[in-house]
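Novice: pasted the sequence and its predicted model underneath.
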Amino acid sequence: TKWIDLDTESFQYSLDHFVIPDHYEDALSSVLIPHGVIMDRVEKLAKVIVQESTGPLVVCCVLKGGHQFFADLVNYIKKNVTRGGKTVPLSLEFIKVKSYSGETSGEVKLSLTEEECKDFAGKNILIVEDIIDTGKTMVQLLTKLKQYSPESVKVASLLIKKTPLSNGYIPDYVGFSIPNAFVVGYALDYNEYFRDLDHICVINDHGKQKYAV
Ligand SMILES: O=P(O)(O)OC[C@H]1O[C@H](OP(=O)(O)OP(=O)(O)O)[C@H](O)[C@@H]1O
Ligand SMILES: Oc1ncnc2c1N=NC2
Ligand SMILES: [Mg+2]
Ligand SMILES: [Mg+2]
């Protein structure tokens, strides 16, 4: 596959082998992707994105969950040059989108004003997301953005989830495909908890109860 395909059986790491904040230790079952592996994969994605870029990029962070991947990806993009040896001028945009409560997807709430959208006209946009689960968020966001005739829109998502609830949307750039489990860490949250965890981990039942709304 074009990305790293993780399945639970062969890729769960014990929490004991990593530094885990003690305030989350009782709420997690395993480490799925250690922070170091995330960073190495992000570095590679940045190289590919720059090589395939055709000019200045508007890099658009989908808050809140996309924040960490966005920050690290932009840092690596700045260190790369195109095939022609050119650096890529970047401008940064931030869009807040929310649809989850607990581990359930609800109505997608896009906070995107008209004038913010108008700025996308004629630009090469790279949308940066943490995860594609049902695909609802991205499909709605892309539909909205395409109304403002950007030059091009590409999507980079660190994770895609192998779930029967998927609408089939696949981004242009993907870090990892993961099993159908609710993951947290690296800015991915459960009811606003775990964003301050560096590794991507699987939340356990105790954690789902402890941090339920
Ligand atoms: O493919 P989907 O099923 O739509 O799920 C993916 C989206 O849901 C999560 O956002 P959330 O609503 O939790 O807001 P957050 O980014 O602030 O955590 C995640 O960050 C993605 O944006
Ligand atoms: O596994 C997940 N972890 C955190 N946030 C989300 C997830 N799937 N859709 C949104
Ligand atoms: Mg999100
Ligand atoms: Mg969330």
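Specialist: Structure received. Ligands and ions are numbered 1, 2, ... in the order given.
Novice: against residue 134, how distant is residue 184?
Specialist: 17 Å (CB to CB, to the nearest Å). In short, each C-beta sits where N, CA and C put it, glycine included.
Novice: with residue 71 instead?
Specialist: Here the criterion is CB to CB. By it, residue 71 lies 25 Å from residue 134.
Novice: so for these two, which sits in the more crowded spot?
Specialist: Neighbour count, other CB atoms under 10 Å: between residue 71 and residue 134, residue 134 has more, with 18 against 13.
Novice: just the element for that one, please.
Specialist: Under the criterion DSSP states H and E, no helix or strand holds residue 134.
Novice: same check on the one 4 residues further on?
Specialist: Per DSSP H and E, residue 138 falls inside helix 136-146.
Novice: that helix vs ligand 2: in contact?
Specialist: No. Judged by CB under 6 Å from any ligand atom, helix 136-146 and ligand 2 are separated, with a smallest distance of 8.1 Å.
Novice: cool, stretch 69-89 as well?
Specialist: No. Stretch 69-89 does not reach ligand 2 (CB under 6 Å from any ligand atom); its nearest approach is 12.4 Å.
Novice: start to end distance for that stretch?
Specialist: 19 Å (CA to CA, to the nearest Å).
Novice: any idea how far residue 122 is from residue 149?
Specialist: 7 Å.
Novice: may I ask you to name the longest strand in the protein?
Specialist: Assignment by DSSP state E gives strand 90-101 as the longest strand of the chain.
Novice: next secondary structure element downstream of that strand?
Specialist: strand 104-111.
Novice: now the angle from that following strand to strand 90-101?
Specialist: Strand 104-111 and strand 90-101 are oriented at 140 degrees to each other (axes from the mean of the first three to the mean of the last three CA atoms, to 10 degrees).
Novice: which residues touch strand 104-111?
Specialist: With contacts defined as CB atoms under 8 Å, 6 or more residues apart in numbering, strand 104-111 is touched by 95-100, 133-134, 136-137, 140-141, 144, 165.
Novice: and the closest residue to residue 133 other than its chain neighbours, bridged to which residues?
Specialist: Spatial nearest neighbour of residue 133, excluding adjacent residues (CB to CB, 6 or more residues apart in numbering): residue 161 at 4.7 Å. Note on residue 161: beta-bridge partners by DSSP bridges are residue 178.
Novice: and residue 161, how close does it get to residue 167?
Specialist: From residue 161 across to residue 167, the span is 12 Å (CB to CB).
Novice: and these two? Which one has more around it.
Specialist: More neighbours surround residue 161 than the other of residue 161 and residue 167, with 20 against 11 (other CB under 10 Å).
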